[in-house]
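J.: Next one to model:
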Amino acid sequence: NGLVRPIRALLDSPIQMLRNIPHLSLIPLLIILIGIGESTKISLVAIGVMFPIYINTYQGITTADPELLEMGHAYGLSKRDLFTRIIFPGALPNILMGVRYALGVMWTTLIVAETISSSYGLGYMATNAQEFMRMDTVLLCILIYALLGKLSDLIAKSLEKVFLSWRQGGVEA
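T.: Next up, the predicted model:
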């Protein structure tokens with residue numbers, strides 16, 4: 001739609017180029033730029049989750065129902081009102097799906113970051129257990145990762161139910 005064209009022309013191509021760089025390959029660069037520590041992990045996670053959320057948000061916004069937009073124009077809605085009353089609510093299911101996908105990327109990225117540059121956390125514990133051949137601890141870490149992933153997905157689904165309660169039938173559990 002017309003509200004998005006200038007942003008699309010400016011940002012989409014560079015973002016799509018950056019999206020194709022595996023975010024985990026940025027670890028050496030981030031360590032050089034930021035050093036080893038929490039800031040590096042946070043930056044890596046932020047980069048990793050940005051693209052799934054961006055792609056789904058972009059898809060949701062650019063596929064707004066043209067008939068609803070036309071109706072909004074006919075009722076004299078301002079650009080702001082078009083966005084807040086039609087475009088954003090229509091894009092919300094896509095945005096929340098991007099968040100759900102990004103949560104999986106977040107856990108994977110955090111695990112990798114903790115195995116590389118940390119002295120605590122589950123990733124560190126798993127790496128340390130591997131060095132001492134502690135299969136029980138490694139399996140426990142994997143189980144904890146799975147449970148955390150499932151818990152975060154359940155939270156995301158609950159948020160979908162709250163934010164998308166207006167949809168008929170809601171969200172499947």
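J.: Hmm, Ile61 and Ile87 touching each other?
T.: Yes - the criterion here is CB atoms under 8 Å, and Ile87 meets it with Ile61 at 5.8 Å. Where C-beta positions appear, they are placed from N, C-alpha and C, glycine not excepted.
J.: Give me the below-cutoff pLDDT ranges for the chain.
T.: Across the chain, the ranges flagged by pLDDT under 70 are 1-4, 117, 168-173.
J.: which residue is nearest the centroid of it?
T.: A centroid search over the chain (CA atoms, centre = their mean) returns Ala102, at 2.8 Å, as the residue closest to the centre.
J.: And the helices in this structure?
T.: Along the chain, the segments classed as helices by DSSP state H run 5-7, 13-19, 27-34, 38-62, 66-74, 79-82, 88-116, 122-131, 135-163.
J.: Who are the packing partners of the first one?
T.: In terms of contact count using 3 or more CB pairs under 8 Å, 6 or more residues apart in numbering; DSSP states H and E, helix 5-7 is assigned no packing partners among helices or strands.
J.: With the second one instead?
T.: Under the contact criterion of 3+ CB pairs under 8 Å, 6+ apart, the helices and strands touching helix 13-19 comprise helix 38-62.
J.: picking that back up, the more surrounded of Ile87 and Ile61?
T.: Ile87 (24 against 20; other CB atoms under 10 Å).
J.: For the residue nearest to Ile55 when sequence neighbours are not counted, grab the count of nearby residues.
T.: In space, and not counting its chain neighbours, Ile55 is closest to Gly98: 6.6 Å by CB to CB, 6 or more residues apart in numbering. By other CB under 10 Å, the residues close to Gly98 number 23.
J.: what do you get for Thr108?
T.: With other CB under 10 Å as criterion, Thr108 counts 16.
J.: And the one 4 residues further on, by the same measure?
T.: Neighbour count of Val112, defined by other CB under 10 Å: 18.
J.: and what of Met135?
T.: 9.
J.: Tell me who's in contact with it.
T.: Ala129 (CB atoms under 8 Å, 6 or more residues apart in numbering).
J.: Brilliant, that's me finished.
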